[in-house]
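> Structure, please.
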Amino acid sequence: MHRRSRLRLIGAAVVLATAATGLATAAGQANAAPAAQDSAAVAAGGAHFVVLGDEGRNLGQVERAVRAAGGTVVKSWPQIGVVVATSPNADFATVVRGKPGVRGAGATRDRVELATTPPAARIAAAQGNSRALEATEAVVTNGGKGKPTDPGDPLSVNQWNLKAIKADQAHARSGGSPNVVVGVLDSGIEASHPDLAANVDASRSVGCTNEGVPDTNPAAWAPTTSDHGTHVAGIIAAAKNGVGVVGVAPNVKLASVKVVDDEGYIYPEYAICGFVWAAEKGIHVTNNSYFIDPWFLWCRTDADQRAVITAVTRAVNYSAHRGVVNVAALGNSNWDLSHDITDSGSPNNGTPVTRETGPECFNLPSEIDGVVGVSSTGVKNEKSYFSNYGITETDVAAPGGDRMQIPTTPDANGRVLSTVVGGAWGYKQGTSMASPHAAGVVALIRSTHRNWPAPLVIGALHVGADRQACPSGVYDPDGTGVWAATCEGGRSGRGFYGSGLIDALAAVR
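I've put the predicted structure just below:
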């Protein structure tokens with residue numbers, strides 16, 4: 001895990017915006033969580049849990065323990081020693097932890113809130129202000145027709161983001177290989193979109209939102225309530241086909257790995273399913289433009305949250321050991337993740353609690369060791385006003401858009417233009433948009449150097465990045481102090497930009 005310092009950041013929780021499908025910014029309280037989860041009220045059909053056994057071992061003993069404790073086995077992952085279970089018993093996790101073969105157990109959702117808060121209220125709490133930041137705007141539905149520009153896709157004239165990372169120059173050398181597959185862990189990809197249809201690999205696509213059980217039915221991995229995954233997919237690999245926009249790696253393939261449910265949540269069991277799927281289906285890169293709900297930060301000091309941290313980390317490590325490069329967004333709260341944070345926004349599926357978090361708490365999956373954490377920049381190559389950052393958390397920076405940084409494009413829109421559902425194109429901003437740029441560059445590296453192992457690919461991403469120095473003094477993009485931030489690292493720029501702004505041209509050399 002990336003580690004935080006002991007300094008305290010106060011007041012950052014005012015901003016409610018995420019790196020995913022508009023989920024509310026959240027951070028679970030290590031001491032407050034058990035009070036919420038000890039209630040006897042449990043959702044109809046049972047609450048959800050992960051139960052840990054030993055990695056790579058038969059989970060028969062753990063499954064028996066689940067049943068003996070009054071639970072039902074939903075899915076077993078012996079590869080990583082994790083059982084997903086449900087139980088109508090509020091004390092299930094406590095009971096099953098005492099059973100033979102069990103190494104830990106924890107609720108994956110905030111049980112009492114799921115039991116007592118009406119769904120409409122949960123959705124409103126989760127989406128709230130954060131949807132506004134990453135909402136789609138300025139949708140183009142005319143087939144992407146307009147004045148052709150190099151490389152011929154008419155809306156590319158508004159893609160300032162490609163020029164920022166030299167992707168337009170990279171495409172003269174390579175658009176990537178169709179043998180490289182990027183798994184988009186998100187809300188689903190519209191496979192019929194004219195800019196995406198040629199690149200969607202249905203054979204490697206899956207839905208994970210039915211309690212974390214893989215479902216290869218196309219309906220299970222298609223978008224339903226969100227265009228977020230389709231937008232992310234276009235940034236990575238919209239085809240260079242004379243229509244609409246162009247992706248960073250327009251020749252690579254896309255696997256739709258749906259981990260966002262219809263209410264907009266990414267619960268741990270969904271993400272676990274996605275990472276294990278990527279590991280076993282020949283996916284080379286994953287993009288993760290989300291944080292795992294319902295806690296913005298999961299804390300080791302709480303037994304339930306500790307079990308989830310272990311389960312998700314095992315799934316990520318399993319994929320990494322099988323050669324997958326995992327890329328993730330850092331989030332949109334203007335938080336310095338290297339410092340302690342006071343937050344009052346989670347759990348985001350019910351009544352939040354206020355708590356202070358330190359180095360024992362983590363954003364999942366972006367703060368898992370080996371995951372490439374991406375911050376966001378605008379057209380000026382400066383930190384996006386909303387982007388999270390941190391001197392130990394930021395690996396690289398990439399264009400995620402910024403409405404305050406205005407490009408000299410025909411649309412003069414500082415957000416990122418990409419594909420959306422309905423065969424259309426639209427603008428979004430967020431670290432959700434930054435992360436797929438980095439995933440696209442990773443796909444170009446993997447296309448250029450096909451035999452390189454994942455650590456070498458990640459190293460090349462860092463080495464090829466263009467260093468950006470920290471701004472002097474406090475960074476205050478609009479002069480109001482609302483988005484003030486301090487970059488640690490001086491001329492290295494590491495606090496805001498990590499190793500620097502990603503470079504697609506370096507990836508294909």
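
> pretty sure Gly323 is in contact with Leu456, am I right?
No: using CB atoms under 8 Å, Gly323 is not in contact with Leu456; the gap is 10.8 Å. Every C-beta, even on glycine, is put in place using the N, C-alpha and C of the backbone.

> gap between the most far-flung residue of the chain relative to its centre and Gly234?
Largest separation from the mean C-alpha position in the chain: Ala68, at 35.5 Å (CA atoms, centre = their mean). Distance of Ala68 to Gly234, given as CB to CB, to the nearest Å: 49 Å.

> Same question for Leu364.
26 Å.

> So the two - more neighbours on which side?
Gly234 (31 against 28; other CB atoms under 10 Å).

> from the chain's centre, how far out does whatever helix or strand the more buried one lives in sit?
Gly234 is part of helix 228-237, with elements assigned from DSSP states H and E. Centroid separation for helix 228-237 versus its chain: 13 Å, with CA atoms, centre = their mean, to the nearest Å.

> could you say what helices and strands the helix or strand just after it packs with?
Sequence-wise, the next helix or strand downstream of helix 228-237 (DSSP H and E) is strand 253-258. Packing contacts for strand 253-258, counted by 3 or more CB pairs under 8 Å, 6 or more residues apart in numbering; DSSP states H and E, involve strand 181-186, strand 206-207, helix 228-237, helix 268-280.

> buried stuff in the last one?
Buried residues in helix 268-280, defined by neighbour count with 16 or more other CB atoms under 10 Å: Pro268, Glu269, Tyr270, Ala271, Ile272, Cys273, Gly274, Phe275, Val276, Trp277, Ala278, Ala279.

> now the angle from that helix to strand 253-258?
160 degrees (axes from the mean of the first three to the mean of the last three CA atoms, to 10 degrees).

> For helix 268-280, C-alpha coordinates in CSV please.
The C-alpha atoms that make up helix 268-280 are tabulated as CSV, following Å, rounded to 0.1, in the frame of the first residue of the first chain:
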residue,chain,number,x,y,z
PRO,A,268,-16.0,-5.1,-3.4
GLU,A,269,-17.4,-8.4,-4.7
TYR,A,270,-17.9,-6.7,-8.1
ALA,A,271,-14.3,-5.5,-8.3
ILE,A,272,-12.9,-8.8,-7.1
CYS,A,273,-14.8,-10.5,-9.9
GLY,A,274,-13.4,-8.0,-12.4
PHE,A,275,-9.8,-8.4,-11.4
VAL,A,276,-9.9,-12.2,-11.3
TRP,A,277,-11.6,-12.2,-14.7
ALA,A,278,-8.9,-10.0,-16.2
ALA,A,279,-6.2,-12.3,-14.8
GLU,A,280,-7.7,-15.4,-16.4
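
> list the helices and strands the following helix or strand past that helix packs on?
Moving toward the C-terminus from helix 268-280, the next helix or strand (DSSP H and E) is strand 285-288. Judged by 3+ CB pairs under 8 Å, 6+ apart, strand 285-288 is in contact with strand 181-186, helix 268-280, strand 325-329, helix 431-448.

> what is the mean pLDDT for strand 285-288?
Average pLDDT, strand 285-288: 98.

> Could you identify the helix or strand that succeeds that strand?
Counting by DSSP H and E, what follows strand 285-288 is strand 298-299.

> which helices and strands sit right next to that following strand?
Partner elements for strand 298-299 (3+ CB pairs under 8 Å, 6+ apart): helix 303-321, strand 361-362.

> Among these, which comes closest to Ile445?
Nearest of those to Ile445, taken as CB to CB: helix 303-321 at 15.8 Å.

> can you pull the buried residues of that closest one?
303-320.
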